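>>> Fold the stuff below for me.
(chains A and B)
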Protein chains: 2
Amino acid sequence: MKNRICDLFGIQYPIIQAGMIWCSGWELAAAVSKSGGLGIIGAGSMYPEILRQHIQKLKAATDKPFAVNLPLLYPEIEKHLEIVEKEGVPIIFTSAGNPGKYTGQLKAAGKTVVHVVSNVRFALKAQEAGVDAVVAEGFEAGGHNGREETTTLCLVPLIRDAVSIPLIAAGGIADGRAMLAAFALGAEGVQVGSRFVASVESSAHEAFKQTVIHAEEGTTILALKQLTPVRLIRNPFYEQIRQAEASGADAATLAALLGRGRAKKGMFEGDLTAGELEIGQVAASIRDIKPAGQIVEEMWAEFLAAKSRLAAL
Amino acid sequence: MKNRICDLFGIQYPIIQAGMIWCSGWELAAAVSKSGGLGIIGAGSMYPEILRQHIQKLKAATDKPFAVNLPLLYPEIEKHLEIVEKEGVPIIFTSAGNPGKYTGQLKAAGKTVVHVVSNVRFALKAQEAGVDAVVAEGFEAGGHNGREETTTLCLVPLIRDAVSIPLIAAGGIADGRAMLAAFALGAEGVQVGSRFVASVESSAHEAFKQTVIHAEEGTTILALKQLTPVRLIRNPFYEQIRQAEASGADAATLAALLGRGRAKKGMFEGDLTAGELEIGQVAASIRDIKPAGQIVEEMWAEFLAAKSRLAAL
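I've put the predicted structure just below:
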């Protein structure tokens, strides 16, 4: 395909694998990039030296374009920035923070910069900061989420009409039909998270992958709205949080209850009871664990088939 | 257009105006049906005799197909059923209740029957009950809503894969791009609510219409989850509900606080402070009040334009 997103990243298909904590290391990113999409290392769950190792392994595995996702609120963000600079990472996706702070520096270093947003205001701010594209991520997405709860169907057209830079849709996209729906709304690429969590190359714990492919409607919920909204699975850990919120716990109490390492415990170590299990609502339609390359190929084939079906109407 | 939904209803465009309380009387339904879509009278806010008058006026205004929406939990549902039978209403949309109870009776009387659902289980139940089509309504929709909070983007493919009968998508659809997105997901028609609230022929109070066209991202919220989830505008009435919920009010206390006639007060009488203002999340992209016929024509033109744009990719 030829469009602004494929041109911007130098990729074959406008399918971007989301940079996710604990699930997207170099193996997943390599598999996606090799198959013609854009693979992303999720730096949010990596110490600086771990990030460096993942980037080096990814570069050794493929010479295709790839990216690193940097949550800007990460405590050692300066070290992460140094590493992506030193290792020559060509594309940076930033999220969870102000795009005004580092975009100039990244652009000056010759990087392609994309910022993830959940509303029009942040999309305009990102465009003004000079990013090359934005990801519009809706309410149905797993992990950190916006306060307005705007769904992908409502958000993408709002942002399409507000900015002129290339636009990637995220949240609720796990097959080629949803990819086509995103394009109908004006997106030029899709960012896919949950579907790649349930891939062979994902670093998610096997028990978490099994939980994802058995998720049903209503299995996930947008929780922790008092702190930072996050979509996760309703497991015993979530139930603790819910009860604390229902009995009027303040933000500090909730933060203490949450503690440290909950996401690692759940998603990486497979503790389905005490761990935090971040995944998107679309998990309800994911039923198998497949190689990431196959996911990309099938999504693209479905996209083309759905496009032909639509054109024939 | 020729497809199963247009054939089923005998309409020109697969655009269905949602039957909404206080907003969709005979004037709106007539305007939509005359323009080639399907107009629906919302019986949920009408006493039986009022419903009869609206049906009679609608029949006098147009000989095009039209429907009545019957919320099955309406206290005088038996009287409503008698009236739609006596007045020869050809198409019935049922919602908010068990489709098993009245579908057989309506089908035996020769009606076309459609049921509104928010999850796969209810969709299968409706198909089994013998309905002719289902409406899959997502989290972003205004008014009563499902407990699973599944968005239209996630819900439509799930239901498409589960049932074989014709499928109409609802929630978040206010223009031709979103209509095309729904078709990409496998829908064969769209049901549109919020966009028609802000129409000249809608019976919504002018103050409510103005509120709708000034809504922004985050202006609506899914509230009253302890009773029946409903999407509405965050106004002082909602704030009262929210505070009661935060201080641990039980369902009975909330029901008492809600009282009777809140929706009428807000949507029909224009009390923006003490009234309940039900509207969809997509209100954030609605910026003007237009004749309903123009809304249908523009949506169809946008759908075709977006379809051509997509085909050219």
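>>> near chain B, which residues of the stretch 101-250 of chain A show up?
A:119-120, A:138-140, A:147-155, A:157-158, A:161, A:171-173, A:175, A:177-178, A:180-186, A:217-218, A:221-222, A:246-248 (CB under 8 Å from any CB of the partner chain). (C-beta placed from N, C-alpha, C; glycine too.)
>>> From these, list the buried ones, please.
Buried subset of these (neighbour count, 16 or more other CB atoms under 10 Å in any protein chain shown): A:119-120, A:138-140, A:148-155, A:157-158, A:171-173, A:175, A:177-178, A:180-186, A:217-218, A:221-222.
>>> Now the residue in the stretch 51-200 of chain A that chain B sits nearest to: which helix or strand?
In the stretch 51-200 of chain A, the residue that lies nearest chain B is residue A:148 (3.4 Å; CB to the nearest CB). For residue A:148, there is no enclosing helix or strand under DSSP states H and E.
>>> Now do the residue nearest to it when sequence neighbours are not counted, the pLDDT please.
Once flanking residues are discounted, residue A:148 sits nearest to residue B:218: 3.4 Å by CB to CB, 6 or more residues apart in numbering or on different chains. Note on residue B:218: pLDDT of 98.
>>> go on, residue A:242?
For residue A:242, the pLDDT comes out at 93.
>>> where does the closest residue to it other than its chain neighbours sit relative to residue A:209, distance-wise?
Once flanking residues are discounted, residue A:242 sits nearest to residue A:223: 7.2 Å by CB to CB, 6+ apart. Counting by CB to CB, to the nearest Å, the separation of residue A:223 from residue A:209 is 21 Å.
>>> can you check residue A:224 too?
Using CB to CB, residue A:224 is found at 23 Å from residue A:209.
>>> So residue A:164 sits against residue A:127, correct?
Yes: using CB atoms under 8 Å, residue A:164 is in contact with residue A:127, at 7.4 Å.
>>> higher neighbour count, these two?
Just comparing residue A:164 and residue A:127: by other CB atoms under 10 Å in any protein chain shown the higher neighbour count belongs to residue A:127, 20 against 7.
>>> re earlier: got a list of what the residue nearest to residue A:148 touches?
Counting by CB atoms under 8 Å, 6 or more residues apart in numbering or on different chains, residue B:218 touches A:119, A:147-150, B:234.
>>> three-state assignment of it?
Secondary structure, DSSP: H, G, I helix; E, B strand; the rest coil: residue B:218 is coil.
>>> Tell me how many other residues surround residue A:97.
Neighbours around residue A:97, by other CB under 10 Å: 16.
>>> Secondary structure element for residue A:221, which one?
Under the criterion of DSSP H and E, residue A:221 resides in strand A:220-223.
>>> What segments of chain A are helices?
Remark: helices assigned in chain A by DSSP state H are A:4-9, A:26-34, A:48-61, A:77-86, A:103-108, A:120-129, A:152-162, A:176-184, A:194-197, A:206-213, A:236-246, A:251-258, A:262-263, A:292-311.
>>> mind putting those helices in a markdown table, distance to residue A:228 included?
Putting the helices of chain A into a markdown table (distance: least, CB to CB, whole Å) gives the following:
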| stretch | distance to residue A:228 |
| --- | --- |
| helix A:4-9 | 28 |
| helix A:26-34 | 24 |
| helix A:48-61 | 22 |
| helix A:77-86 | 16 |
| helix A:103-108 | 22 |
| helix A:120-129 | 14 |
| helix A:152-162 | 18 |
| helix A:176-184 | 25 |
| helix A:194-197 | 19 |
| helix A:206-213 | 21 |
| helix A:236-246 | 13 |
| helix A:251-258 | 10 |
| helix A:262-263 | 12 |
| helix A:292-311 | 28 |
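>>> and of the ones you listed, who's closest to residue B:96?
Closest approach to residue B:96 among these (CB to CB): helix A:152-162, 22.7 Å.
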